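Output the structure for:
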Amino acid sequence: MFHSQSHFPILTGLRCCNPQKTVDKPARRIDYCCVQIEDVAGDASTSQSMIETSTILDLIAEGQEACLFPEAWPNVLERLGAQLRGSVVRLGFLDLKAGQGIEFSTALDVAVEKVFQERYLTPETNPGLRFMLSVPAMTIAPREVIQTDKEMLRSDFYNEVMRPNQGWHAATGAPHRSDEHMVTFGAIRSRSAGAYDETELTFLRLVLPHLQRSIRVFRHLAELEARASAAEAALARFSSAVVVTDAAGRIGSINEQARALLAEADGLLIRDGRITATKREDAARLERLIQDAGGGPGPHRCRRSGLMCVTRKPRRRQLQLAITPLHGQSALSHMLSVSIVFSEPNFGPEPRVEVLARLFSLTPREAAVAGLLLEGHSPTAAAEIMSIRITTMRTHIQHLFHKTQTTRLPELIALLYRNVL
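You can find the predicted model right below:
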């Protein structure tokens with residue numbers, strides 16, 4: 001039973017006229033609350049409509065579930081629309097600076113939805129959006145406050161969006177608004193369903209603060225997921241093996257190069273979700289270096305980078321590791337705070353001369369010279385391989401100096417090598 005505001009302080013405005021009033025139905029007992037409304041004369045009156053407390057709490061709970069499972073949003077809005085006598089409902093998040101956002105709605109005609117997305121996402125064309133930007137957040141009002149019937153009938157918005165969906169009455173508002181973004185809400189229903197009364201508007205003022213928080217959390221989580229996917233895609237393009245861990249060596253992200261080397265369990269491996277070394281002394285040193293880079297254990301530890309070599313099987317060269325701190329701004333950045341970079345010593349990046357050619361606008365002959373220099377050939381040896389005179393080779397190298405803005409051969413090779421990496 002919903003007994004008082006103190007038990008649910010976030011549901012501001014919901015008051016029980018009779019805390020003991022219940023309606024008995026087969027198999028369950030339902031709690032109801034009445035919404036107290038001030039009439040025009042200022043006297044308190046009780047609406048004939050009754051709001052089922054469980055409906056409000058269920059909508060809030062389902063909205064919280066939709067933060068993690070976006071496929072739940074249509075069901076949340078369908079339940080909200082059913083509570084509003086069969087309304088078509090929209091709930092969205094709009095980035096005011098980028099002019100983009102996300103939106104969920106109950107069933108709309110596909111052609112109408114396309115028109116809405118193409119023409120009615122600006123305050124110049126959408127009277128509801130214009131109203132949201134002109135009033136304080138959480139101002140939920142019926143359409144009759146925003147437009148008269150005559151004004152609506154003359155509007156393109158009515159003829160292209162509301163009318164095809166048998167819409168006549170509407171309720172709209174912005175449950176949240178800041179300088180950067182806004183949560184938008186809109187509901188429409190037929191003329192026969194009647195205008196949105198004060199009971200329904202009060203009901204919306206109770207529910208929408210919770211749903212707007214849910215869609216903001218959902219949007220934030222979706223943005224973080226997109227950033228994580230982009231970071232993983234970037235890691236996959238590295239020629240070196242990269243592992244990102246926390247201060248205890250627990251792996252948070254790993255690219256395919258690292259996964260392949262760790263799967264060999266030669267020098268390094270994954271054990272219980274952590275990166276470690278096969279030899280005890282290497283494992284102990286790696287653990288210390290990861291802790292140093294991650295800043296733990298212990299408060300206010302100075303985070304520092306480290307280098308080490310890991311012993312492998314006979315006749316295989318050591319793995320060289322670079323362990324460095326990752327400095328994030330998030331309160332949870334310690335969860336992924338260490339970068340470990342290593343590579344197969346016998347593997348070197350192939351001279352991708354086509355990349356160098358595009359990057360520095362090299363001719364095919366200049367790109368071939370760059371590739372031979374990267375392979376370690378001297379200018380004389382490169383000239384012999386290309387069957388050209390040494391003077392021609394020197395001319396090509398001078399062109400490379402000019403295009404890469406270098407002046408010496410070691411500087412040129414270092415620059416080319418870094419760009420290949």
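
Quick check: Gly173 is in a strand.
Yes. The assignment for Gly173 (DSSP: H, G, I helix; E, B strand; the rest coil) places it in a strand.

ok, it - contacts?
131-132, 135, 138-141, 185, 204, 208 (C-beta atoms under 8 Å, 6 or more residues apart in numbering). In short, each C-beta sits where N, CA and C put it, glycine included.

got it, and Phe401?
When contacts are taken as C-beta under 8 Å, 6+ apart, Phe401 is in contact with 407, 412.

secondary structure element for it?
Per DSSP states H and E, Phe401 falls inside helix 390-404.

average model confidence for that helix?
Across helix 390-404, pLDDT averages out at 94.

could I have it exported to CSV, CA atoms only?
In CSV, the C-alpha atoms belonging to helix 390-404 read as follows (Å, rounded to 0.1, in the frame of the first residue of the first chain):
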residue,chain,number,x,y,z
ILE,A,390,73.8,6.0,-58.1
THR,A,391,73.3,9.6,-59.3
THR,A,392,69.7,8.8,-60.1
MET,A,393,69.3,7.2,-56.7
ARG,A,394,70.6,10.4,-55.0
THR,A,395,68.1,12.5,-57.0
HIS,A,396,65.3,10.3,-55.8
ILE,A,397,66.5,10.6,-52.2
GLN,A,398,66.7,14.4,-52.6
HIS,A,399,63.1,14.4,-53.7
LEU,A,400,62.2,12.3,-50.6
PHE,A,401,64.0,14.9,-48.4
HIS,A,402,61.9,17.6,-49.9
LYS,A,403,58.6,15.9,-49.7
THR,A,404,59.1,14.6,-46.1
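
Are we agreed that Glu354 is in a helix?
Yes. Counting by three-state DSSP, Glu354 is located in a helix.

Kindly provide the distance from it to Phe360.
For Glu354, the distance to Phe360 equals 12 Å [C-beta to C-beta, to the nearest Å].

between those two, which one's more packed in?
Phe360 (19 against 12; other C-beta atoms under 10 Å).

Please give the number of neighbouring residues around the nearest residue to that one once chain neighbours are set aside.
Excluding the flanking residues, the one nearest Phe360 by C-beta to C-beta, 6 or more residues apart in numbering is Lys403, at 4.7 Å. Counted with other C-beta under 10 Å, the neighbours of Lys403 add up to 17.

I'd guessed Lys403 sits against Leu359; true?
No. Judged on C-beta atoms under 8 Å, Lys403 makes no contact with Leu359 at a distance of 9.5 Å.

ok, back up a step: show me the contacts for the residue nearest to Phe360.
Lys403 neighbours (C-beta under 8 Å, 6+ apart): 360-362, 366.

out of all of them, which helix in the chain is the longest?
Longest among the helix segments of the chain by residue count, using DSSP state H, is helix 198-236.

what's the neighbour count on Gly128?
The burial count for Gly128: 25, using other C-beta under 10 Å.

whoops, Arg213 was the one
So Arg213, with other C-beta under 10 Å, has 18 neighbours.

so how far is Leu57 from it?
15 Å.

remind me which residues of the stretch 151-300 of the chain are low pLDDT?
296-300 (pLDDT under 70).

Please name the nearest non-neighbouring residue to Ile251.
Thr245 is the one closest to Ile251 (C-beta to C-beta, 6+ apart), at 5.4 Å.

what sits opposite that neighbour in the beta ladder?
Residues in a beta bridge with Thr245, per DSSP bridges, are Ile251, Val338.

Hmm, it is touching Gly273, no?
No. Using C-beta under 8 Å, Thr245 makes no contact with Gly273, being 9.6 Å away.

Give me the common contacts of these two.
In contact with both Thr245 and Gly273: Ile251, using C-beta under 8 Å, 6+ apart.

These two: which has the busier surroundings?
Thr245 (25 against 11).

quick one: the more buried one and Val89, what's the gap?
Taking C-beta to C-beta, one finds Thr245 at 45 Å from Val89.

Please apply the same query to Ser378.
74 Å.

The two: which is more packed in?
For the pair Ser378 and Val89, the greater number of neighbours falls to Val89 (23 against 12), based on other C-beta under 10 Å.

Need the three-state assignment for that one.
strand.

quick one, what contacts it?
Contacts of Val89 by C-beta under 8 Å, 6+ apart are 77-78, 80-81, 105-106, 185-187.

Could you give the bridge partners of it?
Ala187.

sorry, back to before: columns neighbour count and secondary structure on top of the contacts of Gly173, output as CSV?
CSV is the format used below for the contacts of Gly173 (neighbours: other C-beta atoms under 10 Å; DSSP: H, G, I helix; E, B strand; the rest coil):
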residue, neighbour count, secondary structure
Phe131, 19, helix
Met132, 26, helix
Val135, 15, coil
Met138, 16, coil
Thr139, 16, coil
Ile140, 22, coil
Ala141, 17, strand
Phe185, 26, strand
Leu204, 23, helix
Leu208, 22, helix
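
ok, so of those residues, who is nearest Gly249?
Set against Gly249, the nearest of those by C-beta to C-beta is Leu208 (45.1 Å).

which one is the closest one nearest to, not counting chain neighbours?
Pro175 (4.0 Å).

Likewise for Pro70?
Counting by C-beta to C-beta, 6+ apart, the residue nearest Pro70 is Phe218, at 6.3 Å.

Asn126 too?
Asn126 sits nearest to Tyr120 (C-beta to C-beta, 6+ apart), 4.4 Å away.

which residues touch the one you found?
126, 129, 157, 160-161.

mind running it again at 7 Å?
The neighbours of Tyr120, taking C-beta atoms under 7 Å, 6 or more residues apart in numbering as the test, are 126, 157, 161.

Run the chain-centre distance for the strand or helix carrying the second one.
Remark: Phe157 resides in helix 156-157, with elements defined by DSSP H and E. Distance of helix 156-157 from the chain centroid (C-alpha atoms, centre = their mean, to the nearest Å) equals 33 Å.

And the helices in the stretch 301-421 of the chain, which stretches?
353-360, 364-374, 379-386, 390-404, 409-420 (DSSP state H, counting those that start in this stretch).

Adding distance to Leu307, write those helices out as TSV.
Listed next are the helices of the stretch 301-421 of the chain as TSV, based on distance: least, C-beta to C-beta, whole Å:
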stretch	distance to Leu307
helix 353-360	28
helix 364-374	24
helix 379-386	33
helix 390-404	29
helix 409-420	19
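
Quick one: closest of these to Val310.
That would be helix 409-420 among the helices of the stretch 301-421 of the chain, by C-beta to C-beta, at 23.8 Å.

Now do the buried residues in the closest one.
412-413, 415-416, 420 (16 or more other C-beta atoms under 10 Å).

Noted, bye for now.
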